[in-house]
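A.B. asks: pasting the sequence and the predicted coordinates here, then a few questions.
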Amino acid sequence: MPLITIITINLNNLSGLKNTVQSVLDQFFKNYEYIVIDGGSKDGSVDYLKEKNEDIDYWISENDKGIYDAMNKGIKIAKGKYLYFLNSGDWLCNSNVFSEVQKQLIDSDFVYGDLIKSFPNGDLKLDKGVAGKQIKFQTFITGTINHGACFINQRMFQKYGLYDDTLKIVSDWKFFLIALGLNNAHVKYIDMPVAYFDMTGISNDLILRGKEREKVIEEVVPKPIYRTYIEFIEKQKKFTSYRYRKFEITDNKRFSRKLHSIIFRLFS
């Protein structure tokens, strides 16, 4: 059984797919399975996958219902103990990534590192996410774990189910929220960049992301905690409006300290 299954999803992104696949094939650590799920591309991606047939353990090209439906297809056939999602257009930082990560894949449920965000203008920015801080419900109010830098034990999908394919961009966040924010899954942080993340994709639609997150929280979070979350959001909105008024800076600092004190007591 392979230690790691890499799952790449692609739709009409031939140049990105080539970059992604090559970064996987360049890895020195070879105890992995590689799966590519293509959504019925018409841009030459399928011809490229045929060329790489000997290097890819499984690939398919067919219509799907979206990103998470494609990911679920990969999960269902994956044989690795840990699953890693490296989407078309993203690429591993160097050829030693799997060699370093596999040393940490012992009995953890989630093992994650850092991402390097790649912007359309060529800029690069290191994103350390929560960077080893204690994971709790509050983590997923203000942020998340970087999905593109996270290795997930296969048993987590058996325990908590597959990705919710009715969501367009936050189903991985929902999965983390349930497994880590509301339950006691074990998570480990490794202080190293894992992959470059293409910042031109749908996952960077902030308005849609906000709407979907609110919907998920209302559905899966126990009502007492949900009410506390709503109170937190309202306090945040008030604080934001205060910041743009002409109050003395000491008043802003006092309000900020009070807000953080409330949140610490609620979610610690």
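C.D. replies: Arrived safely, thanks for sending.
A.B. asks: residues in contact with residue 231?
C.D. replies: The neighbourhood of residue 231, defined by Cβ atoms under 8 Å, 6 or more residues apart in numbering, contains no residues. Just so you know, the C-beta spots here come from the backbone N, C-alpha and C atoms, and that holds for glycine as well.
A.B. asks: distance of it from residue 225?
C.D. replies: Distance from residue 231 to residue 225, counting by Cβ to Cβ, to the nearest Å: 11 Å.
A.B. asks: so, low pLDDT: which residues of the stretch 151-268 of the chain?
C.D. replies: For the stretch 151-268 of the chain, the stretches flagged by pLDDT under 70 are 201-204, 229, 237-268.
A.B. asks: what helices or strands is the longest strand seen in the chain leaning on?
C.D. replies: Longest strand of the chain, by residue count under DSSP state E: strand 187-198. Other elements packing on strand 187-198 under the criterion 3 or more Cβ pairs under 8 Å, 6 or more residues apart in numbering; DSSP states H and E are strand 91-92, helix 97-101, strand 110-118, strand 124-127.
A.B. asks: which of these sits most buried?
C.D. replies: Greatest average neighbour count among the helices and strands packed on strand 187-198 goes to strand 91-92 (a mean of 23), per mean count of other Cβ atoms under 10 Å.
A.B. asks: what's that one packed up against?
C.D. replies: helix 14-25, strand 187-198.
A.B. asks: dump these to TSV, plus mean neighbour count and distance to residue 112.
C.D. replies: Formatted as TSV, those follow (neighbours: other Cβ atoms under 10 Å; distance: least, Cβ to Cβ, whole Å):
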stretch	mean neighbour count	distance to residue 112
helix 14-25	19	18
strand 187-198	20	6
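A.B. asks: who wins for proximity to residue 68 among those?
C.D. replies: Proximity to residue 68 (Cβ to Cβ) singles out strand 187-198 among these, at 17.3 Å.
A.B. asks: what does that closest one rub up against?
C.D. replies: 16, 23, 86-87, 89-93, 97, 100-101, 104, 108-118, 124, 126-127, 130-132, 135, 145-146, 148-149, 180.
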